[in-house]
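*Asks:* take this sequence and fold it.
(one chain, ligands or ions: 1)
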Amino acid sequence: MLKGKKLGFIGGGNMAEAMIKGLLTASFIEAKNVLVSDPRPERLEYLHQEYRVRAAADNRDLVEKSDIVILAVKPQIVKEVLCDVRDRVAEGKPVISIAAGVPIKIIEDALNHGALKACSVVRTMPNTPALVQQGITAIAAGSRVSKTDVKIAHRIFEAIGKTVDVDEVHLDAVTGLSGSGPAYIFLIIEALSDAGVKMGLPRNVANALTLQTVLGAAKLAELSGKHPGELKDMVTSPAGTTISGLHTLEAGGLRTTLMDAVEASTLRSRRLGELALENDNADCAEKKSG
Ligand SMILES: NC(=O)c1ccc[n+]([C@@H]2O[C@H](COP(=O)([O-])OP(=O)(O)OC[C@H]3O[C@@H](n4cnc5c(N)ncnc54)[C@H](OP(=O)(O)O)[C@@H]3O)[C@@H](O)[C@H]2O)c1
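*Replies:* Numbering: from 1, shown residues only. Have a look, this model is predicted:
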């Protein structure tokens, strides 16, 4: 779909690398058409050696040479980066942000300068399993983005996993569920493995049993299409072992705890977005002179 188009990453960190790896593995784009800008020359050299992608001289050079720009820097420097490059963002050039918690309005406002400018902004929320092409990315369209640019965003993130469309207002809930979710699951994996060790299993065996149980259960839930409650009932025999374990999980409030965790993370994400908007008083000119 990108057919000779150039994809530029502002920021060549972990998430950019995950995306580059996925896009090249999926043969979605040729390495020569991927550009990266990053303040650390050694990082650019590493990305070139590892993936043969090209380094841009700086962010402005990257934006000028790219047909699609991926904003992959930390949220707190997004505004500064946009102020620096905005006069190089041509009318309608798609800008796809992966920065957590930075509202589309901040990006659109920063890109709009002088005469009315049509900026095509897509905001996304990927997650870390993208590193092994098993991520899920929620995609929210900006106010002036074309359907084609949203489709392009889907194709890009499909190279590192799955995608869903959401309204921007739901990105906080996405952060609470799939953005923070891998950490919840890692905690559960660690706890199950510890439990196996407590019951006398060697660590390597406990780890192997835990990982395959989590992977297998997720795959079964996905492929069977059955409600998770039905799948649970299938392995729960009367007066058996599983119902005893489930009773303990219910007594410990596992369901409520997980729901509370997603709610807490969602509310925190919402607050960070509000703070970003409250602190976004200065326009680019003031920011530069200040
Ligand atoms: N990792 C995740 O799970 C995840 C999930 C969803 C969304 N995100 C979002 O993805 C974005 C990147 O996260 P990450 O984990 O990849 O962070 P990261 O590894 O720190 O990558 C950011 C990169 O940007 C570079 N950078 C700093 N200042 C720059 C500038 N002025 N111009 C260009 N590049 C600059 C950094 O260099 P230095 O290291 O030298 O500062 C670093 O290499 C964040 O906004 C984050 O919210 C991450």
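
*Asks:* check contacts around the residue lying closest to residue 242 once chain neighbours are set aside.
*Replies:* Closest residue to residue 242 apart from its sequence neighbours, by Cβ to Cβ, 6 or more residues apart in numbering: residue 236 at 4.8 Å. The C-beta positions use only the backbone N, C-alpha and C, and glycine is treated the same way. Contacts for residue 236 (Cβ atoms under 8 Å, 6 or more residues apart in numbering) come out as 242-243, 246.

*Asks:* the ligand: which of those residues is nearest?
*Replies:* residue 246 (31.6 Å; Cβ to the nearest ligand atom).

*Asks:* which residue does the protein bring closest to the ligand?
*Replies:* Counting by Cβ to the nearest ligand atom, the chain gets nearest the ligand through residue 13, at 1.7 Å.

*Asks:* quick check: closest non-adjacent residue to that residue.
*Replies:* Excluding its sequence neighbours, the residue lying closest to residue 13 (Cβ to Cβ, 6+ apart) is residue 72, at 6.5 Å.

*Asks:* excluding sequence neighbours, find me the nearest residue to the most centrally placed residue in the chain.
*Replies:* By Cα atoms, centre = their mean, the chain has its centre lying nearest to residue 126, at 1.5 Å. Spatial nearest neighbour of residue 126, chain neighbours left out: residue 137 (4.2 Å); criterion: Cβ to Cβ, 6+ apart.

*Asks:* neighbours around that neighbour, how many?
*Replies:* 24 (other Cβ atoms under 10 Å).

*Asks:* the helix or strand hosting residue 267 - contacts with which helices or strands?
*Replies:* If you go by DSSP states H and E, residue 267 is part of helix 254-278. Here helix 254-278 touches helix 104-111, helix 171-174, helix 181-198, going by 3 or more Cβ pairs under 8 Å, 6 or more residues apart in numbering; DSSP states H and E.

*Asks:* now for the longest one, which elements pack on it?
*Replies:* Which is helix 181-198. Right, helix 181-198 is packed against helix 203-224, helix 254-278 by 3+ Cβ pairs under 8 Å, 6+ apart.

*Asks:* just to revisit the earlier point, out of the helices and strands packed on helix 254-278, indicate the one that is most buried.
*Replies:* With neighbours defined as mean count of other Cβ atoms under 10 Å, the helices and strands packed on helix 254-278 peak in mean count at helix 171-174, which reaches a mean of 23.

*Asks:* are it and the ligand in contact anywhere?
*Replies:* No: if you take Cβ under 6 Å from any ligand atom as the test, helix 171-174 misses the ligand, and the best it gets is 9.8 Å.

*Asks:* dump that helix to PDB, restricted to CA.
*Replies:* Taking Å, rounded to 0.1, in the frame of the first residue of the first chain, the C-alpha atoms of helix 171-174 are listed here in PDB:
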ATOM      1  CA  LEU A 171      -8.100   6.100  24.200                       C
ATOM      2  CA  ASP A 172      -7.800   6.500  28.000                       C
ATOM      3  CA  ALA A 173      -9.800   3.200  28.500                       C
ATOM      4  CA  VAL A 174      -7.600   1.600  25.800                       C
END
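
*Asks:* which elements pack onto it?
*Replies:* strand 120-125, strand 135-141, helix 254-278.

*Asks:* possible to save the ones you listed as TSV with mean pLDDT and distance to the ligand?
*Replies:* Compiled in TSV, the helices and strands packed on helix 171-174 are given as follows (pLDDT from 0 to 100; distance: least, Cβ to the nearest ligand atom, whole Å):
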stretch	mean pLDDT	distance to the ligand
strand 120-125	95	6
strand 135-141	97	8
helix 254-278	92	10
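
*Asks:* for the residue in the chain sticking out farthest from the centre, give me the pLDDT.
*Replies:* Centroid-distance maximum for the chain: residue 239 at 43.0 Å, with Cα atoms, centre = their mean. Per-residue pLDDT puts residue 239 at 97.

*Asks:* now do the phi/psi pair for it.
*Replies:* When read as degrees, to the nearest 10, the backbone of residue 239 gives phi 60, psi 30.

*Asks:* same check, this time on residue 98
*Replies:* phi -110, psi 10.

*Asks:* pretty sure residue 99 is in a helix, no?
*Replies:* No: going by DSSP: H, G, I helix; E, B strand; the rest coil, the assignment for residue 99 is coil, not a helix.

*Asks:* show me what contacts it?
*Replies:* Contacts for residue 99 (Cβ under 8 Å, 6+ apart) come out as 71-75, 78.

*Asks:* I'm done for today, thanks for sticking with me.
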